[in-house]
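S.K.: generate coordinates for the sequence data below:
(2 chains, ligands or ions: 1)
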Amino acid sequence: MNENCPDGAKGPGEIHTGSTKINFAADTQRWMEVMAERGWTVPNWPKEYGGGGLSTEETKILYEEMLAIGARAPLVNMGTRMFGPTLLEYGTEDQKQRHLTVIARGGAPWCQGYSEPGAGSDLASLRCRAEDKGDYFLINGQKIWTSGAQFADWMFCLVRTDFEASKHNGISFVLLPMDQEGVTVKPIELISGSSPFCETFLDNAIAEKRDLVGQLNEGWTVGKRLLQHERSGQGGLGTGAQRSRPVGVTIDLEMPDVLNDYVNDPSIAPELRDRVIDWEMKSAAFRLTQKRAGEESRDGKTPGEATSVFKLYGSTLAQDRQDLIVDLMGHQGVGCEDETFTSDETGAARSWLASRAVTIYGGTNEVQANIIAKRVLGLPD
Amino acid sequence: MTEYTQDQATFREVVTKFLQAKSTPTDVRRLMASDEGYDADVWQQLCQEVGLAGTHIPEEYGGFGFGPVELGIAAEEMGRHLYCGPFFSSAVMAGYAILNGDSEANKQKLLPEIAAGSTVATLVLDSVNDPNQVGRQLRVTGKELDGTAPIVTDAHIADVLLVVASGEDGLGLYSVIADADGVKISPQQALDPTRKLSRVAFSGAEVQKIGHLSESGLNKTWDQISVALAHEMIGGAQQLFDSTLEYTKVRVQFGRPIGSFQALKHRCADLLLELEWAKAATHHAAFCLASGQEPETASMAKAMASDIYMEAARAAVQLRGGIGFTWEEDTHLWFKRAKASEVFMGSPHTHRERLLSLMEEAS
Ligand SMILES: Cc1cc2nc3c(=O)[nH]c(=O)nc-3n(C[C@H](O)[C@H](O)[C@H](O)COP(=O)(O)OP(=O)(O)OC[C@H]3O[C@@H](n4cnc5c(N)ncnc54)[C@H](O)[C@@H]3O)c2cc1C
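M.R.: From the prediction side, this is the model:
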């Protein structure tokens, strides 16, 4: 690996997202390609679907080796992290052959058509309608907050196929190509001024019958499993090497170097020092628990309801971290593109804005707490 | 963090079984009302039959020869069952102090007696908040000790006091016979009656020097004690959490179990999370001590265990409503222990500051 990992794919920086509509830096692209040749973009997927066919133990070693040479994950997207693992479990042989092999090679980026204007936390109340037209479904409705829809080739999508049944029982999980007449994508401008997500309008859009995943009207089960994969990634349980920091060798200030100046400033309020140290302790404890759970999930267990525990805590920690950084910076933490601020400072302000999202997407923190209370603690409805 | 072995899991079962039988809330209530605060027979069984006081004491000194991980398991279960007795003072605090000292003769004499429970010892520190403050009140001149330690656990039943004091050549560890002339032990009425405290004043008491105590030696002892205490605390926190969760499932108001109300669900979910991470930090700290690594994990464990114990204790009262405020209900036993332990061997704030300075030294 060391011989084949270009310098530009080491350390922090751009990670390949498998998009065919974005140009990546040459080193990022090359790293993805050499790893894909061996199936090591998705090391633990079976070889016949483009994976590396590695055992859990071998996969762990591979990630450790990547970490040792400072290599970034070669490919991370919704296909490798969320949709792929779900399709491995629920897909037909034909679906796996057609879709997984492409994902493994860094092709066909996917987007997630779950949320609708009227269905957010209460996702199962979704109303996007799919009619059975023999060998295809005709789909009408609107999706919203579709991350990366403008760069996606395919969408996995929850649609209603039975309007009579109770809300969880009339949903199906279908796959549809984005480049078709019936799909219109409109980027939404975000709090940070950029537009990584969209409104997606489906007007007589078509999904082929062979792209129905799981049984008709039983898509909620498939959709929920995908959410568990999503949350385990957000909770830091993902297997991407860029996340697997060594745990417990020493607790180190996870804050960027620049912060040492702020933390060590003698005029800093004791309350802020306390918050810094509190955050460090929680982050270290979180990583310890993560490591144990990560080992369990690599032992072949699929992520369960406990993923909500990690999603809730991980997102809170991530958001607290950004709050703390700008708080430490004081006025220097509210900069925009202006030469009186350093790039660390404007970066901190941007990240602070962006961190508002982590407690919302993938199911809000309030919703995760509901799930934990019900599924983990067994509290009544 | 490493997982517990099968042997360690079995050890936990043995400890749990003993405490379930011998440290019920009825026992705790009886003992906390007594002057001694412990049951001498149960203490003998705990030492002789189960051998718990010698958990971490090497075999050559009459112990089991286990380490901080097993000691942590014992302490965790004691915290859960609120065991009343000199285990923490004698085995953990005094035991570690002697073990870390350089006097072979004292190890050979005292440790087997501590492990057997035939001698009760305790550690006398003139600050139970900050190791940097230790040795400012207690001073040794020649062979005589003067000064006052405001908070000493189980001194009223101790045979031997191990005292950290300043001598002519810096900090040292000394032993004093508890009923010697010049030793005045005044039991305190304190909030938590399940662990008895005394004020101990020395005026010209005769000491025997056990050895010199370096700053790092004192900090090591402090860390070991803090980690054992953190285990005790997460055991107590777990007990409060479990019982509170159970209560919210059975108490009915507005025609439904109160655990179905979202405000309570979210509070319980938050507690679960904090408890899980505090447990991870505490167990990790014991594994680190066992392999001689990372002093900072001890402070992390003590700070996090203190926070979650108090958090669980507040919730345990609040979520029970009026009954949680009564003497009859058992919650207050743990509630008081939580507060007393929070400020013992370093408040969470002290440990945070300690952790930060350790990190700054390292970076
Ligand atoms: C950056 C970003 C990217 C996203 N990407 C995607 C994507 O790719 N695909 C996709 O399908 N979706 C995506 N989403 C949508 C996301 O999943 C939803 O925003 C989220 O589920 C919340 O739904 P909502 O916005 O409708 O808020 P609402 O459901 O209206 O929630 C509003 C508030 O009410 C609270 N609330 C709601 N119900 C309850 C309850 N039962 N108990 C307590 N509190 C409650 C919520 O916690 C929240 O605080 C993305 C969102 C963001 C911010």
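
S.K.: give me the neighbour count for the closest residue to chain B within the stretch 151-300 of chain A.
M.R.: Going by Cβ to the nearest Cβ, chain B is nearest to A:A285 of the stretch 151-300 of chain A, at 3.7 Å. For glycine as for every other residue, the C-beta is placed from the backbone atoms N, C-alpha and C. Neighbourhood size, A:A285 [other Cβ atoms under 10 Å in any protein chain shown]: 27.

S.K.: which SSE is the residue nearest to it when sequence neighbours are not counted in?
M.R.: Distances taken as Cβ to Cβ, 6 or more residues apart in numbering or on different chains place B:W277 nearest to A:A285, at 3.7 Å, with adjacent residues excluded. Using DSSP states H and E, B:W277 sits in helix B:262-290.

S.K.: tell me which residues in that helix are buried?
M.R.: B:264-290 (16 or more other Cβ atoms under 10 Å in any protein chain shown).

S.K.: separation between the residue nearest to A:A285 and the ligand?
M.R.: 22 Å (Cβ to the nearest ligand atom, to the nearest Å).

S.K.: check contacts around that residue.
M.R.: A:K282, A:A285, A:F286, A:L288, A:T289, A:Y313, B:M304 (Cβ atoms under 8 Å, 6 or more residues apart in numbering or on different chains).

S.K.: state whether B:P112 is indeed within a helix.
M.R.: Yes: with DSSP: H, G, I helix; E, B strand; the rest coil as the criterion, B:P112 is part of a helix.

S.K.: in this structure it contacts B:E59, no?
M.R.: No: counting by Cβ atoms under 8 Å, B:P112 sits too far from B:E59 to count as a contact (10.5 Å).

S.K.: so these two - more neighbours on which side?
M.R.: Shown here are B:P112 and B:E59; by other Cβ under 10 Å, B:P112 has more neighbours (17 against 11).

S.K.: now do the phi/psi pair for the closest residue in space to that one that isn't next to it in sequence.
M.R.: Spatial nearest neighbour of B:P112, excluding adjacent residues (Cβ to Cβ, 6+ apart): B:G62 at 3.3 Å. Main-chain dihedrals, B:G62, degrees, to the nearest 10: phi 90, psi 10.

S.K.: ranges for the helices of chain A?
M.R.: With DSSP state H, the ranges of helices along chain A come out as A:26-37, A:56-68, A:78, A:84-90, A:93-95, A:101-104, A:219-234, A:257-263, A:270-298, A:307-329, A:343-354, A:365-371.

S.K.: sec struct for B:E36, please.
M.R.: State at B:E36, reduced to three classes by three-state DSSP: coil.

S.K.: next, the angle from the helix or strand that the helix holding B:W277 is followed by to helix B:262-290.
M.R.: Following helix B:262-290 in sequence order, the next helix or strand is helix B:296-318 (DSSP H and E). Taking axes from the mean of the first three to the mean of the last three Cα atoms, to 10 degrees, one finds helix B:296-318 and helix B:262-290 inclined to each other by 150 degrees.

S.K.: would you mind identifying the next helix or strand past helix B:296-318?
M.R.: With DSSP H and E, the next secondary element past helix B:296-318 is helix B:331-342.

S.K.: check what contacts that following helix and list those residues.
M.R.: For helix B:331-342, the surrounding residues in contact (Cβ under 8 Å, 6+ apart) are B:25, B:28-29, B:32, B:79, B:82, B:190-195, B:229, B:232-233, B:236-237, B:239-240, B:243, B:306, B:309-310, B:312-313, B:316-317, B:320, B:324, B:326, B:348.

S.K.: how about 6 Å then?
M.R.: Helix B:331-342 has contacts (Cβ atoms under 6 Å, 6 or more residues apart in numbering or on different chains) with B:28, B:82, B:191-192, B:194, B:233, B:236, B:240, B:306, B:309-310, B:313, B:316-317, B:324.

S.K.: kindly report the same for stretch A:334-350.
M.R.: A:V258, A:I325, A:V326, A:Q332, A:G333.

S.K.: isn't A:A285 right up against B:A281?
M.R.: Yes: A:A285 lies in contact with B:A281 (Cβ atoms under 6 Å); the separation is 4.2 Å.

S.K.: can you check which residues contact both of these two?
M.R.: With the criterion set as Cβ under 6 Å, 6+ apart, the contacts of A:A285 and B:A281 do not overlap.

S.K.: just the strands in the stretch 151-300 of chain B please.
M.R.: B:160-167, B:170-177, B:183-187, B:197-206, B:208-212, B:252-253, B:256-257 (DSSP state E, counting those that start in this stretch).

S.K.: output the fifth one as PDB, nothing but the C-alphas.
M.R.: In PDB, the C-alpha atoms belonging to strand B:208-212 read as follows (Å, rounded to 0.1, in the frame of the first residue of the first chain):
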ATOM      1  CA  GLN B 208       7.300   5.400  63.200                       C
ATOM      2  CA  LYS B 209       8.600   6.400  59.800                       C
ATOM      3  CA  ILE B 210       7.700   4.000  57.000                       C
ATOM      4  CA  GLY B 211       9.500   5.900  54.300                       C
ATOM      5  CA  HIS B 212      10.100   8.900  52.200                       C
END
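
S.K.: ok, now which ones touch A:S351?
M.R.: Residues in contact with A:S351 (Cβ under 6 Å, 6+ apart) are A:Q322.

S.K.: A:M329 versus that one, what's the distance?
M.R.: 12 Å (Cβ to Cβ, to the nearest Å).

S.K.: now do A:G53
M.R.: For A:G53 relative to A:M329 (Cβ to Cβ), the value is 48 Å.

S.K.: so between these two, which is more surrounded?
M.R.: Higher neighbour count among A:G53 and A:M329: A:M329, with 22 against 15, using other Cβ under 10 Å.

S.K.: just to revisit the earlier point, among the helices of chain A, which is nearest the ligand?
M.R.: Checking the helices of chain A against the ligand by Cβ to the nearest ligand atom gives helix A:365-371 as the closest, at 3.4 Å.

S.K.: other SSEs contacting the closest one?
M.R.: Judged by 3 or more Cβ pairs under 6 Å, 6 or more residues apart in numbering or on different chains; DSSP states H and E, helix A:365-371 is in contact with helix A:307-329.

S.K.: distance between the helix it packs on and the chain's centre?
M.R.: 16 Å (Cα atoms, centre = their mean, to the nearest Å).

S.K.: fine by me, thanks again.
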